[in-house]
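Visitor: Quick one: sequence plus predicted model below, questions after.
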Amino acid sequence: MKKGQLFIVSGPSGAGKGSICQKLAKELDVELSVSMTTREPRPGEIEGVNYYFITRDEFKESIEKGDLLEYAEVYGNFYGTPKQKVLDKLANGKDVVLEIDIQGALKVRNEYPQGIYVFILPPSMTELRKRITRRGSDSPDSIELRLGETLTEISYIDQYNYCVVNEDLEEAVLRVKAIILAEHSRVSEQIYGLIKNYKEEV
């Protein structure tokens, strides 16, 4: 069976990676990776769709067993990517898209270097400021902090295979779709297996 590929999509807060991944899931035969968290479900959130909701003890046990591709503690709650669920989907031929922050992506790279890493950039810092401000959930000090973090995060761009500037959402989605399709045409062990079949047919 043809093995699926893992596409890691990350970028600064406000770059639009979440919107891109949601549209990819609707337009291509890919699955979005579902994270585990120790926080309580919010109204409308569904187990196994938005997150896998588990206890802190269960999460710590997963860490000790090495069951996570990556994890982090944010505002007192743990978040992480369950390794086996991703690997099972890949083994069954499904492409998996993992939307994640830069720190998480670098951790995944250590665990799964054969993944395809895509960095989403805003068109400018001015536009990024507008996007974060429009959310209405960040104070002016928080916005300045996020913008400062963005400059640090961009310094890791050389750890990625591709970069897509999200100035127009539809255009950005089209470019990421092109990356996914191109990666399936890369000369690989699977292609060599197909060529072997050709020879056996002659």
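Guide: Sure, I can see it. This is a predicted model, so every value here is computed, not measured. Residues are numbered from 1 along each chain as shown.

Visitor: least trustworthy helix or strand in the protein by mean pLDDT?
Guide: helix 189-201 (a mean of 70; mean pLDDT, DSSP states H and E).

Visitor: And the strands in the chain?
Guide: 6-10, 30-32, 36-37, 52-53, 68-74, 77-82, 95-100, 116-121, 162-165 (DSSP state E).

Visitor: Output the ones you listed as TSV; include the columns mean neighbour count.
Guide: Every residue, glycine included, has its C-beta placed from N, CA and C. Formatted as TSV, these follow (neighbours: other Cβ atoms under 10 Å):
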stretch	mean neighbour count
strand 6-10	24
strand 30-32	18
strand 36-37	20
strand 52-53	16
strand 68-74	18
strand 77-82	20
strand 95-100	23
strand 116-121	22
strand 162-165	18
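
Visitor: Which one of these has the poorest average confidence?
Guide: If you rank those by mean pLDDT, strand 68-74 sits at the bottom with a mean of 90.

Visitor: ok now that one, how far from the chain's centre?
Guide: 13 Å (Cα atoms, centre = their mean, to the nearest Å).

Visitor: got it, and stretch 25-38?
Guide: So, by Cα atoms, centre = their mean, the centroid of stretch 25-38 is 9 Å from its chain's centroid.

Visitor: what residues does that stretch touch?
Guide: 7, 21-22, 24, 48-56, 59, 62, 68, 77-82, 85-86, 89, 94-99, 173, 177, 180 (Cβ atoms under 8 Å, 6 or more residues apart in numbering).

Visitor: gap between the residue lying closest to Arg135 once chain neighbours are set aside and Ala105?
Guide: Of all residues not flanking Arg135 in the chain, Gly14 sits nearest, at 7.8 Å (Cβ to Cβ, 6 or more residues apart in numbering). Relative to Ala105, Gly14 is positioned 16 Å away (Cβ to Cβ, to the nearest Å).

Visitor: cool, and Lys26?
Guide: For Lys26 relative to Ala105 (Cβ to Cβ), the value is 23 Å.

Visitor: So between those two, which is more surrounded?
Guide: Ala105 (24 against 9; other Cβ atoms under 10 Å).

Visitor: So for that one, what's the pLDDT?
Guide: What the model reports as pLDDT for Ala105 is 92.

Visitor: Distance check, the residue nearest to it when sequence neighbours are not counted against Ala172.
Guide: Counting by Cβ to Cβ, 6+ apart, Ser10 is the residue found nearest to Ala105 once chain neighbours are left out, at 4.2 Å. Ser10 is 14 Å from Ala172, where distance means Cβ to Cβ.

Visitor: hey, what's in contact with both of those two?
Guide: In terms of Cβ under 8 Å, 6+ apart, Ser10 and Ala172 are both contacted by the residues Ile120.
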